[in-house]
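Q: sequence plus predicted model, see below.
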Amino acid sequence: MAKIIWNNIDSDNIRGLIITELPPITKPKMRTDTTEVDGRDGDIIEELGYQSYTKTIKIGLSRNYDIDAIMKYFTGTGKLITSDEPDKVYNSTIIDKIDYEKLLRFKKANVKFYTQPFKYLKDEESVELNIASETSVEVENKGLEVAKPIITLIGSGTIEILVNNVGIFTYTFPENETEVIIDSLKEEAYLNGTYRNRNMLGEFPKLNVGINTISWTGDLTKIIIEPKSRWL
């Protein structure tokens with residue numbers, strides 16, 4: 001039987017809720033900018049990134065349902081896992097209203113999840129290294145698309161980070177600070193909710209599909225890497 005996990009809660013644990021149909025697995029649409037040029041065959045097409053899209057899940061009711069629990073369940077923003085892709089996580093938001101009157105009268109309704117284009121590996125392990133004499137570590141992007149990792153650096157002074165022997169960025173720790181998070185998904189450097197982008201010079205790192213070597217120079221004592229492997 002179909003089911004979902006929404007914000008770490010299994011739909012099987014919501015009394016009386018039935019997931020009657022899951023949405024098809026689809027690839028999101030690419031945003032494009034098309035320019036026509038006189039005298040040229042065809043158009044110039046600029047790719048602008050993938051669009052968010054809607055995943056519609058059909059629900060029903062069984063006996064002894066708890067409509068209040070169901071209404072509370074289908075709210076907010078969070079992580080969506082479907083039983084046909086149990087190892088993938090979608091970042092989604094429930095925006096549209098749900099017709100609960102139809103659900104109560106006819107025992108069926110639709111729930112629309114506004115979904116970000118990439119899906120991520122569920123329970124992906126971080127790579128964590130307490131550094132003694134090492135100057136590099138291998139990290140695997142298990143997905144089929146370029147990944148945008150989240151990297152925590154612990155050290156002092158100026159640290160240079162290289163990916164596959166290419167210098168990507170340097171980070172200079174302010175006085176009395178020894179930690180920073182370099183978040184390629186958000187394209188932000190921060191610590192305890194305070195931005196530290198002014199201390200970073202260069203680009204946010206990306207990981208190619210497969211094995212990547214992350215290396216560094218400078219006084220780095222610990223590095224934690226969340227690969228954020230992803231698929232379309």
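A: Received, thanks. Residues are numbered from 1 along each chain as shown.

Q: so how far is residue 106 from the closest residue to residue 15 other than its chain neighbours?
A: Among residues not flanking residue 15 along the chain, residue 66 sits closest, at 4.3 Å (Cβ to Cβ, 6 or more residues apart in numbering). Backbone N, C-alpha and C define where each C-beta goes, glycine included. Separation of residue 66 from residue 106 (Cβ to Cβ, to the nearest Å) stands at 18 Å.

Q: neighbour count winner among these two?
A: The neighbour comparison of residue 66 against residue 106 (other Cβ atoms under 10 Å) goes to residue 66, with 14 against 11.

Q: wait, the more buried one touches residue 14, no?
A: Yes - counting by Cβ atoms under 8 Å, residue 14 is a contact partner of residue 66 at 7.3 Å.

Q: name every strand pairing with the helix or strand of the chain with the lowest mean pLDDT and say which way it goes.
A: The weakest-scoring helix or strand in the chain, judged by mean pLDDT, DSSP states H and E, is strand 43-50 (a mean of 80). Under the criterion DSSP bridges, strand 43-50 sits next to strand 30-36 (antiparallel) in its sheet.

Q: any idea which helix or strand comes after the least confident helix or strand of the chain?
A: For strand 43-50, the following helix or strand on the C-terminal side (DSSP states H and E) is strand 53-61.

Q: next SSE after that next one?
A: Beyond strand 53-61 toward the C-terminal end (DSSP H and E), the next one is helix 67-73.

Q: what's in contact with stretch 11-23?
A: 1-5, 55-67, 69-70, 73, 82-84, 108 (Cβ atoms under 8 Å, 6 or more residues apart in numbering).

Q: buried ones among these?
A: Buried by 16 or more other Cβ atoms under 10 Å: 3, 4, 5, 55, 57, 59, 60, 61, 65, 70, 73, 82, out of the contacts of stretch 11-23.

Q: read off the pLDDT value for residue 211.
A: Predicted confidence (pLDDT) for residue 211: 98.

Q: what helix or strand is it on?
A: strand 210-226.

Q: so for that strand, what gets flagged as buried?
A: The neighbour-count check on strand 210-226 (16+ other Cβ under 10 Å) flags 212, 214, 215, 216, 218, 220, 223, 224, 225, 226 as buried.

Q: between those residues, which sits nearest residue 179?
A: Residue 179 lies nearest to residue 224 out of these, by Cβ to Cβ, at 9.9 Å.

Q: ok, that closest one - contacts?
A: Counting by Cβ under 8 Å, 6+ apart, residue 224 touches 126, 127, 128, 129, 151, 152.

Q: ok, what's across the strand from it?
A: Applying DSSP bridges to residue 224 yields these beta-bridge partners: residue 128, residue 152.

Q: separation between the closest residue to residue 9 other than its chain neighbours and residue 221?
A: Spatial nearest neighbour of residue 9, excluding adjacent residues (Cβ to Cβ, 6+ apart): residue 73 at 6.6 Å. Distance of residue 73 to residue 221, computed by Cβ to Cβ: 44 Å.

Q: again with residue 76
A: 38 Å.

Q: repeat for residue 18
A: Residue 18 sits 52 Å away from residue 221, taking Cβ to Cβ as the criterion.

Q: can you give the contact residues for the least confident helix or strand of the chain?
A: 28-37, 117-118, 232.

Q: show me how far it is from its chain's centre.
A: 23 Å (Cα atoms, centre = their mean, to the nearest Å).

Q: buried residues in it, which are they?
A: With burial defined by 16+ other Cβ under 10 Å, the residues of strand 43-50 counted as buried are residue 50.

Q: ok, now stretch 105-121?
A: Within stretch 105-121, the residues that qualify as buried by neighbour count (16+ other Cβ under 10 Å) are 109, 110, 111, 112, 113, 115, 117, 118, 119, 120, 121.
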